[in-house]
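A structural model of the following input is requested.
(2 chains)
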Amino acid sequence: MTFHDFNLHDDVLTGVDAMNYQQATPIQQMAIPKIIEGKDLIACAQTGTGKTAAYLIPLLDKISHAGHQHTSTLILVPTRELAKQIDEQVEGFAYFVSATSIALYGGGKGENWDQQRNALTTGADIIIATPGRLMAHMQLGYVKFDQLNYLVLDEADKMLDMGFSDDILKIVRELPKNRQTLMFSATMPGKIREFAKKLLTNPDEITLAVSKPAEKIDQQFYLAKDHQKLPLLMHLIQQANAQSMVLFTSRKSEVNPIVRALTKLGYEAHGISSDIEQDEREKVLRGFKNKQFPILVATDVLSRGIDIDSLSHVVNYDVPRDAEDYVHRIGRTARAENTGTAITFVNEMDMQRVRKIERLLDKKLEKRAITEELGLGPAPSENGGERPGERGRNDRPKSGKRNDRRPERNESPRSEAPRPEAQANADTPRPKNRNRKRGGRDGKPGTPRPEGTVAAQASGAVEGEVVANPAVGTTEGEAKKPRRRNRNRGRKPSTQGEGAPVQPSIEA
DNA sequence: AAAAAAC
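Coordinates of the predicted model:
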């Protein structure tokens, strides 16, 4: 089923075509007709299923029919990066529709505030916002919701987890009652259902298979104590055909130390967490999406919803406490038609959490113990955390003195690892990518970018290779997305092919 | 024993 089967407005279809969306995913097939029909909707859909397009496309269709003289649509999301990403996606889809959008979120040294306020005085058809910043604008009277028709709650379960439920209720109190409300959630526990009752009217419900990671993801688990993780990671990077990797840690305090350690070992890495300045977060994410460096270290701020094109590896430096977050984290890879590898490090303390994941996935997960053979000392016990009362007796490495030692400072883990030739890796066919096939929309070659594996980039073994830059509508960042409609509302794009804006370079 | 989100 393609998007041409939905009877969409021509302008919307042109935008959908330009974004190179062809086949509708299951959630899109189910949601789009219902949304067009005007039904309230609860949709339970896992990440990476095309959820955003499932509501953006039909809403744009309605907006394009309506004549867009007011803020008709509010989309609430849990994180700033998600707000920005959805805003960018709107701009792609709405390119041929006279619809404008703006993302409202915090951070950014006050400049963002002024920009947002100014943009709001012009008005926007679609507002995508994190709750706190939206409330600030509302309190100052900068937003007018009196003509709002559509409310979307994206990642609703996450927003409730984050304690946004009161804020959301407060916001919704200011919205017209006769609106269409759409709620998307990865899970549908009772709490969400109750919450939905307060906000939705007689909703239809769509449920897709939940909490199952894509089959295409190769999930690997390695038993590792904390001090073994970095050398083990080095070994795996050397061994893997890793093009581009996101490394998740559950603690923001670990982001910078890991970045520093990787940098010291010759890998270019940058971090994102709530402790990092918003400007830096955005610069880092943009640079990573544009493949300017191979390793992104992040907290769970990025575990949900963020699209990164052709990400070959996700590393969980620890096991997330929420089994659900595991599925989200690894769902960053193997998106669209790609395959991917998810590597998870498991220490004694993490075993309980792994069991939660096993229960969620209804599957026994095999944990590999290879630290011993890498000369890193014995792996942690697999029985860790089984009975909290017996901890210390069972999990503790028995002597700890002989083998359980930290590697010496100058003892390079790489010297012990088998070293596959980077060149061979560079020749390995890459997974197919929908966006890559297209080539530049303007026919011009794109920016050259480093090519090859993460390991090769660190050693400088692979020469740069020019890869055509995909054009409009890729998920690679705003470089290829069309110019903001806010600034040239109503005009047809005449210079869509103009070169990509200069990317700020990411320097350590 | 976490993270995120407004100033």
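
every contact and neighbour count from this point should use C-alpha atoms.
Noted.

all strands for the stretch 201-350 of chain A, in order.
Ranges of strands within the stretch 201-350 of chain A are A:204-207, A:217-223, A:245-248, A:269-272, A:295-298, A:313-316, A:340-346, based on DSSP state E, counting those that start in this stretch.

pairing partners for the fifth one, with directions?
It stands for strand A:295-298. strand A:245-248 (parallel), strand A:269-272 (parallel) (DSSP bridges).

can the helix or strand containing A:Arg117 be said to contact DNA strand B?
Here A:Arg117 is covered by helix A:111-122, with elements defined by DSSP states H and E. Yes: judged by Cα under 7 Å from any atom of the strand, helix A:111-122 comes into contact with DNA strand B through A:Trp113.

what mean pLDDT does the next helix or strand after that helix have?
Sequence-wise, the next helix or strand downstream of helix A:111-122 (DSSP H and E) is strand A:126-129. What strand A:126-129 shows for mean pLDDT is 98.

okay, now the sheet partners of strand A:126-129, with direction.
Strand A:126-129 has the following sheet partners, assigned by DSSP bridges: strand A:73-76 (parallel), strand A:101-104 (parallel).

show me the helices in the stretch 301-450 of chain A, by range?
For the stretch 301-450 of chain A, applying DSSP state H, counting those that start in this stretch gives helices covering A:323-330, A:351-361, A:413-416, A:422-427.

out of the strands paired with strand A:295-298, the one nearest A:Ile63 is which?
strand A:269-272 (34.7 Å; Cα to Cα).

neighbouring contacts of that closest one?
Contact partners of strand A:269-272, identified using Cα atoms under 8 Å, 6 or more residues apart in numbering, comprise A:255-256, A:259, A:262-263, A:281, A:284-285, A:293-299, A:301, A:508.

what do you get for stretch A:140-151?
The contact list for stretch A:140-151 (Cα under 8 Å, 6+ apart) reads A:59, A:70-76, A:117, A:120-121, A:137-138, A:174-176, A:178-182.

which of the helices and strands in chain A ranks last by mean pLDDT?
helix A:422-427 (a mean of 30; mean pLDDT, DSSP states H and E).

possible to save the strands of the stretch 201-350 of chain A as JSON lines with mean neighbour count and distance to DNA strand B?
Formatted as JSON lines, the strands of the stretch 201-350 of chain A follow (neighbours: other Cα atoms under 10 Å; distance: least, Cα to the nearest atom of the strand, whole Å):
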{"stretch": "strand A:204-207", "mean neighbour count": "15", "distance to DNA strand B": "24"}
{"stretch": "strand A:217-223", "mean neighbour count": "19", "distance to DNA strand B": "15"}
{"stretch": "strand A:245-248", "mean neighbour count": "28", "distance to DNA strand B": "10"}
{"stretch": "strand A:269-272", "mean neighbour count": "26", "distance to DNA strand B": "7"}
{"stretch": "strand A:295-298", "mean neighbour count": "26", "distance to DNA strand B": "7"}
{"stretch": "strand A:313-316", "mean neighbour count": "25", "distance to DNA strand B": "13"}
{"stretch": "strand A:340-346", "mean neighbour count": "24", "distance to DNA strand B": "12"}
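
scan chain A for its longest helix.
Across chain A, the longest stretch assigned as helix under DSSP state H is helix A:51-66.

got the residues of chain A near DNA strand B?
Contacts of chain A with DNA strand B, taken as Cα under 7 Å from any atom of the strand, map to A:78-81, A:105-108, A:110, A:113, A:130-136, A:161-164, A:250-253, A:272-275, A:299-301, A:321-322, A:349.

can we see that at 6 Å?
A:78-80, A:105-107, A:130-133, A:135-136, A:161-163, A:250-253, A:273-275, A:299-301, A:349 (Cα under 6 Å from any atom of the strand).

quick one: pLDDT of A:Asn118?
pLDDT at A:Asn118 comes out at 94.

distance of it relative to A:Arg359?
Distance of A:Asn118 to A:Arg359, given as Cα to Cα, to the nearest Å: 49 Å.

tell me where chain A is predicted with low confidence.
Scanning chain A with the threshold set as pLDDT under 70 gives A:67-68, A:209-211, A:384-452, A:457-508.

center of it - which residue?
Nearest residue to the geometric centre of chain A (Cα atoms, centre = their mean): A:Ile306, 1.7 Å.

and the helix or strand where A:Lys170 lies, what does it pack against?
Using DSSP H and E, A:Lys170 sits within helix A:165-173. When contacts are defined as 3 or more Cα pairs under 8 Å, 6 or more residues apart in numbering; DSSP states H and E, helix A:165-173 packs onto helix A:131-139.

burial check on A:Pro189, number of neighbours?
Applying other Cα atoms under 10 Å, we find 10 residues neighbouring A:Pro189.

ok, now which ones touch it?
Listed by Cα under 8 Å, 6+ apart, A:Pro189 has no contact partners.
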